Structure formats: structure tokens, C-alpha cells
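Colleague: Need coordinates for the following:
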Amino acid sequence: MKTRLTLLLIILLAVQANANNKIKYYFNKPVNTSVSKGVNAQYLNSCMGDTLVAYINRAKYTLDIAVYNYTATFPAIAVAVNSAHNRGVRVRWIYDFSSTNEGILSLSAGINKLRSPNPGSDYFIMHNKFMIIDALSSNPNDAIVWTGSSNWNAQQFNTDYNNTVVIQHQPLAKAYRDHFNMMWGDTGIAPNLSLSKFGEDKTDLGNHSFIIDGKQVEVYFSPADGVNSKILNAINSANTDMYFGMSTFTMNSIATQLVTKYNSGVYVAGINDIANSGNSPDGILNSGLGSSRYKIHNIAGIYHNKFLIVDASNKCSDPLVLTGSHNWTNSADTKNDENTLIIHDDTAANLFYQSFYANFSGLGGSLTNIPDCDANSVDGINTHADDLFVFPNPSTGKVTLNYSLGNASEVYISTYNMAGKLIHNYNNNHVTGGEHNYELQINTPGVYLIKMKTNSGVTNKLLTVTQ
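Modeller: Below you'll find the model as predicted:
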């Protein structure tokens, strides 16, 4: 009984940790907080599955699930979903045609379920791993998205290496639900097979960018959204350091670009699972990065993560994390149903780095400590972001952006509303060093993110516009 109470306390703390934060990150393998920059990564010690159940138990109105694999090895999920159904929650579940999904048999007969199409030459698998809770609730705080790299079974939760991202944000939850509805073929409780779309039949629904807790968050769904190009763009954005952890890696173009960035002076390190060590990217990475920076995961469990960390040491750049269900393969980009998040945030980058650092060290590797931009310049490049001041703030509409450049620079100023929509853009290819002012007029009350990018890095400011 004491052990069970301890586990329940851990789960409760995991769900409630940083309760004011809209984005939470969980890792099912030990992390190394010695490289933390103030916020420690959350290690769920054999309780990722129980944490998922705790979130399912929060559902009040709707529960939409799209998961590649759910097995009977973790029956508590079916119990929680059936309980939600019994208390009146509208449950819908999409699962993959070819994957082992005997856990579905434990669901109540009254729960509507949809199996993805039979794989063929143009379609492969429904590889998503996401859950949407109460997307349409009148209380926007009820809306939650659970996603990440983990399938729903005991091995994935406890033995294999996985990450989970949980986001409390109604506009994002609605974007996920719109994508779910496209596969479901309907907005209602029953699927419509005549309108259901999977794989290459799907269309880009737009609505990709959001501002959550002042951070830009992007979401993309394969194959309609061209996700491999987004991965390459994220890689190309690196200025200082970059780390990747990948289960299945077959795209030579991505491997080549990682090596190109390494040769340009960006510190690059990565992990690939041993099951895919014979693929051609393995040779590119071995040759280009060397064994000290590229490791094959060959210890217990599958290295099932799918993530990229960019500029974790350089918050003056545009630190980001890219994660989700999408492996770095052509099938993931052109045939599978997948989802990918790109989160622009130095804290998120450091949290994933704490996990990667522990994973990499566990394989006998040693990572170079890259000084933060606030402490030193890197490779002789001034990485201090230029100063940006916004006044008056709050404003009734007319604001002045005052910025100082250490040297002549390109200047890009972008303004986003809290839904992530770009509402104003300013580009100047050559601005002299020194102090400058730029006038901005916003007539609609709300909170806005102003992002200034120069040769020295990226600076973000929040602006409040009142009546």
C-alpha cells in the first residue's frame, strides 16, 4: 500500500508540476540536471503510463485519441477510457490497421473506433500518438493535447526511450481536433468512412503557428504539410549547437545537412537506434561527425525518441525543440499519418538537452560544454542579441520599438497575435550600427509577441494593447 501511495503521489506531482505553465515535458528515462539552466527536466520513473491515465481522468466532455499502438500490457488505459465513456465523455479512437492493437478489445462496445486503411503502395501507417481532451469546452483551460514519441504499451512507457509533451491551449487543441476530424470523416461521434481521409488524401488545413506562454509553437501533420522541409529548416537555423535523437533514420538529405552544419562550425551530436544503424545515413553521420559525437544506441530498450534540439546553449539565437511521432524517413513525410511540434523556447531546449545529455553519457559519450551567449561569444561570433525596447507598454495602439545594433545588420521585426498569426512584418536588409526607432500601430486590443531577428540573434518582447 505504501508503494502504491508513493506512486500516486509521484503521478499527482507530475501532473500538477509547474501548474501555471501551459506546456509540460516528461521523460521516461533518467535525466541529468547538472546541465539544467534553472528548470529541471521531469523524469517519470516507471509512471509515464499512469500519468497518461491521470490526464484521461480529467476529461469532462470529449476525448479524441489517435494512437498507432495500444496493447493489453497496460490495461489501466482501457479502464480509464471506459470510465470516461460511462460518465458521459464522448470518446473517439483511431488506431492503425497493421499494428498490434489488442488493447482496443478491452474498450467498451459503445465507444466508436476507426481503423486506418489497409497499407498499400500509397499509404503505410497511422503512426500518430496523440490525445485531445475537451477541445471545445466553454472553459479554454480544459483543452489539453498529449503527444510525443511514445506508443501506449508497457514497454514503451517503461523500457524504451521516449518523451511526452502536454500542452494546455485551446486553439492548438482545436487544430489537432480538426486533423482528427479529417481522418474520422466527421465532426460527430460516429466516423464517416465515405469522407474519411488518411495519408496522401489529406489536405493542409493551415493553422500551424500559435503563441503559448509567450512562446511560438508550430504544429504540422504528415504528409500534407511537408514536414521534412520543416526539419531541414530547423537544422539550417542552428548557429551554435544541435543535438538529435532518432529511432528510425533513413533520409540522406537530413544526415547530409547535419554534417554540413557541423562542418560550418556548429557543434552537432546525435543518437540513432541500433536497429537502423545499417541505413545509409548511418555511414554519412559516422564519417561526418565521428564516433565521439554520433552514438548508436545498443543497450536495453529501443531508442524510440524523435527529436531535434537547436541552439540549447544560445538563447540569443532561436533555441527550439522539434519532436512528435515523425521519424526521419521518406515514408513519414509522404505516406504516414504523423504529427510534429516545433517549440521555440530556450527552456524547452535545455529540458530536452538534460535528457539527451543523460542518454548520450549512458552510451559512453562525452559532450562539450558550450558557453551560453550571455557568458561568452562562440567561435568568435558576437552572439549577444541586440537590445529591443517597446514603449509605451501597455499601449493604446501606437508603440515605438527602440533597438540598438552593435554593428550593421539585417533587421527583421515580426508581430504575432496570441493565435500565432503574423499581423505585421518589417524587413530591412541593411541597417547601420547604433540606435534606431521603428513605429508600429496596432488597433486591436490584445497581447502580442514582437520578434526581432538580427545578425546577432533573436529577441522576443510581449506587448499589451488596451482600448
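
Colleague: Could you use CA atoms for every contact and neighbour count after this?
Modeller: Fine.

Colleague: so how far is Trp152 from Val53?
Modeller: 11 Å (CA to CA, to the nearest Å).

Colleague: Comparing these two, which shows the higher neighbour count?
Modeller: Neighbours around Val53 and Trp152, counted as other CA atoms under 10 Å, are more numerous at Trp152. The numbers are 24 against 18.

Colleague: Show the model's pLDDT score for that one.
Modeller: Model confidence at Trp152, expressed as pLDDT, equals 98.

Colleague: so it sits right up against Ala66, yeah?
Modeller: No: no contact is recorded between Trp152 and Ala66 when judged using CA atoms under 8 Å, the distance being 10.7 Å.

Colleague: tell me how far the ends of stretch 148-160 are from each other?
Modeller: Between the opening and closing residues of stretch 148-160 lies a distance of 13 Å (CA to CA).

Colleague: So which residues make contact with it?
Modeller: Contacts with stretch 148-160, where a contact means CA atoms under 8 Å, 6 or more residues apart in numbering, come from 28, 45-49, 67-74, 129-130, 162-165, 300-306, 323-325.

Colleague: Which members of the residues you listed are positioned in helices?
Modeller: 48-49 (DSSP state H).

Colleague: Show the buried residues in the contacts of stretch 148-160.
Modeller: 28, 47-49, 67-72, 74, 129-130, 162-165, 302-306, 323-325 (16 or more other CA atoms under 10 Å).

Colleague: Just the ones in strands from those, please.
Modeller: The strands in this structure, assigned by DSSP state E, contain 67, 129-130, 163-165, 306, 323-324 from the buried ones among the contacts of stretch 148-160.

Colleague: and the top helix by length along the chain, how far from the chain's centre?
Modeller: Of all the segments of type helix in the chain, defined by DSSP H, the longest one is helix 346-362. Between the centre of helix 346-362 and the centre of its host chain there is 14 Å, according to CA atoms, centre = their mean, to the nearest Å.

Colleague: What's the first helix or strand after it?
Modeller: Using DSSP states H and E, the next helix or strand after helix 346-362 towards the C-terminus is strand 387-391.

Colleague: Show me what whichever helix or strand comes after that following strand pairs with in its sheet, parallel or antiparallel.
Modeller: Next helix or strand after strand 387-391 toward the C-terminus (DSSP H and E): strand 398-405. Paired neighbours of strand 398-405 in the sheet (DSSP bridges): strand 387-391 (antiparallel), strand 434-441 (antiparallel).

Colleague: what comes up buried for strand 398-405?
Modeller: Of the residues in strand 398-405, those buried (16+ other CA under 10 Å) are 399-401, 403-405.

Colleague: for the stretch 201-350 of the chain, which spans come out with low pLDDT?
Modeller: Within the stretch 201-350 of the chain, no range satisfies pLDDT under 70.

Colleague: can you map out the helices along it?
Modeller: Remark: helices of the stretch 201-350 of the chain, listed N- to C-terminal, are 227-236, 252-263, 280-289, 330-334, 346-362; assignment by DSSP state H, counting those that start in this stretch.

Colleague: chain center to stretch 36-47, what's the gap?
Modeller: Between the centre of stretch 36-47 and the centre of its chain there are 16 Å (CA atoms, centre = their mean).

Colleague: Give me the contacts around it.
Modeller: Residues contacting stretch 36-47 (CA under 8 Å, 6+ apart): 7, 11, 14, 25-31, 33, 157-158, 347, 350-352, 354-355.

Colleague: repeat that for 6 Å
Modeller: In this structure, residues lying in contact with stretch 36-47 by CA atoms under 6 Å, 6 or more residues apart in numbering are 26-28, 30, 33, 158, 351.

Colleague: Ok, stretch 284-292 next?
Modeller: Residues external to stretch 284-292 that are found in contact with it (CA under 6 Å, 6+ apart): Val259.

Colleague: residues in contact with Val310?
Modeller: For Val310, the contacting residues are 238, 242, 319-320, taking CA under 6 Å, 6+ apart as the criterion.

Colleague: switch to 7 Å and redo it
Modeller: By CA atoms under 7 Å, 6 or more residues apart in numbering, Val310 lies in contact with 238, 241-243, 319-321.

Colleague: Then Ser395?
Modeller: So, once contact is read as CA under 7 Å, 6+ apart, Ser395 ends up touching 464-466.

Colleague: from the residues you listed, which would you call buried?
Modeller: Judged by neighbour count, with buriedness set by 16+ other CA under 10 Å, the buried members of these are 464-465.

Colleague: Can you lay out the contacts of Ser395 as TSV showing distance to Gln170?
Modeller: Below are these laid out as TSV (distance: CA to CA, whole Å):
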residue	distance to Gln170
Thr464	21
Val465	22
Thr466	23
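
Colleague: how does this structure divide into domains?
Modeller: The record's domain split for the chain, according to automatic domain parsing, is 2-219, 222-362, 387-465.

Colleague: how about a markdown table for those, with distance to Asp372 added?
Modeller: A markdown table is the format used below for those (distance: least, CA to CA, whole Å):
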| stretch | distance to Asp372 |
| --- | --- |
| domain 2-219 | 10 |
| domain 222-362 | 5 |
| domain 387-465 | 13 |
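
Colleague: Please identify the deepest-packed of those.
Modeller: domain 222-362 (a mean of 21; mean count of other CA atoms under 10 Å).

Colleague: what about that one, how long is it end to end?
Modeller: Between the opening and closing residues of domain 222-362 we find a distance of 32 Å, counting by CA to CA.

Colleague: where along the stretch 51-200 of the chain do the strands fall?
Modeller: In the stretch 51-200 of the chain, the strands defined using DSSP state E, counting those that start in this stretch lie at 62-67, 90-95, 112-115, 129-133, 144-148, 163-167.

Colleague: what are the pairing partners of the fourth one, and which direction each?
Modeller: Going back to what we said before, that points to strand 129-133. Neighbouring strands of strand 129-133 in its sheet, by DSSP bridges, are strand 62-67 (antiparallel), strand 144-148 (antiparallel).

Colleague: per-residue confidence averaged over the longest one?
Modeller: It stands for strand 62-67. Strand 62-67 shows a mean pLDDT of 98.

Colleague: how much distance is there from it to the middle of the chain?
Modeller: Computed by CA atoms, centre = their mean, the separation of strand 62-67 from the middle of its chain amounts to 18 Å.

Colleague: Just want the angle from it to strand 90-95.
Modeller: Strand 62-67 and strand 90-95 meet at an angle of 10 degrees, taking axes from the mean of the first three to the mean of the last three CA atoms, to 10 degrees as the criterion.

Colleague: Show me the contact partners of strand 62-67.
Modeller: With contact meaning CA under 7 Å, 6+ apart, strand 62-67 is reached by 89-95, 127-134, 151.

Colleague: who touches the spatially most central residue of the chain in this structure?
Modeller: For the chain, the residue lying nearest the average C-alpha position, counting by CA atoms, centre = their mean, turns out to be Leu341 (3.3 Å). Taking CA under 7 Å, 6+ apart as the criterion, Leu341 is in contact with 217-220, 322-324.

Colleague: beta partners of it?
Modeller: Beta-bridge partners of Leu341, counted by DSSP bridges, are Val219, Thr323.
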